[in-house]
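In: Kindly return the folded structure for what I paste below:
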Amino acid sequence: MPNPIDPKKFTNNLFAVLEETFENHHGVYLDKGTSLFETLATITAEEASRPVSAHCASLAAQVSHVVFYMEVLEKAIKDVEVGKVDWDDIWSRVEVVTAEEWAITNHQLKDTYQRISALLYGVENWDDDRIGGAMAIVIHTAYHLGEIRQALCTLR
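Out: I've put the predicted structure just below:
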């Protein structure tokens, strides 16, 4: 019979990758100084407004999408009805941002992350939906972090 996963070992690893993805290096998978918040701190509103190509979204859209995705999964983790989700809205709506709008977007990301982080730290029953939701937030955000960092190579 297989050994069940120790919940403490699971959450220690989950929180390490969550924090590394958003906040700072823990030596799990990113280089120092390349977390999402550290990366975004180097991006101006002008850079955030420029798509890499005619077929790509702006960095501002990427970040707005991450916030939206996290808010949808936050509801799912809380067992709140999500309803029909318009995944295309942000990609078609968010383009050029002012410095103030870029600051607001970054603030929304931090607020959403802090809320979800507190939610996840408070989970007592790690059922399939909560495990899947938490993992999806990390994986999806890591994907977009890679997209953003790759785009910066072209934009700069």
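In: quick one: contacts for residue 101?
Out: Contacts here follow Cβ atoms under 8 Å, 6 or more residues apart in numbering; on that basis residue 101 touches 45, 60. Bear in mind the C-beta positions are built from the backbone N, C-alpha and C, glycine included.
In: Apply 7 Å and report the result again.
Out: By Cβ atoms under 7 Å, 6 or more residues apart in numbering, no residues touch residue 101.
In: And for residue 51?
Out: By Cβ under 7 Å, 6+ apart, the contact set of residue 51 is 57, 58.
In: Let me know the pLDDT of it.
Out: Looking at residue 51, its pLDDT is 90.
In: what secondary structure does it sit in?
Out: coil (DSSP: H, G, I helix; E, B strand; the rest coil).
In: And it, how far from residue 124?
Out: 43 Å (Cβ to Cβ, to the nearest Å).
In: before we move on, what about residue 41?
Out: Distance of residue 41 to residue 124, given as Cβ to Cβ: 34 Å.
In: now swap in residue 56 and tell me
Out: 41 Å.
In: which secondary structure element contains the residue positioned nearest the centre of the chain?
Out: With distances taken as Cα atoms, centre = their mean, the chain has residue 141 as the residue nearest its mean C-alpha position (3.4 Å). When secondary structure is defined using DSSP states H and E, the element that contains residue 141 is helix 128-155.
In: Now do the buried residues in that helix.
Out: Within helix 128-155, the residues scored as buried using 16 or more other Cβ atoms under 10 Å are 130, 133-134, 136-138, 140-142, 144-145, 147-148, 151, 155.
In: Quick one: list the elements packing against the lowest-mean-pLDDT helix or strand in the chain.
Out: Of all the helices and strands that make up the chain, helix 89-93 has the lowest average by mean pLDDT, DSSP states H and E, namely a mean of 92. For helix 89-93, the elements it packs on are helix 59-77, judged by 3 or more Cβ pairs under 7 Å, 6 or more residues apart in numbering; DSSP states H and E.
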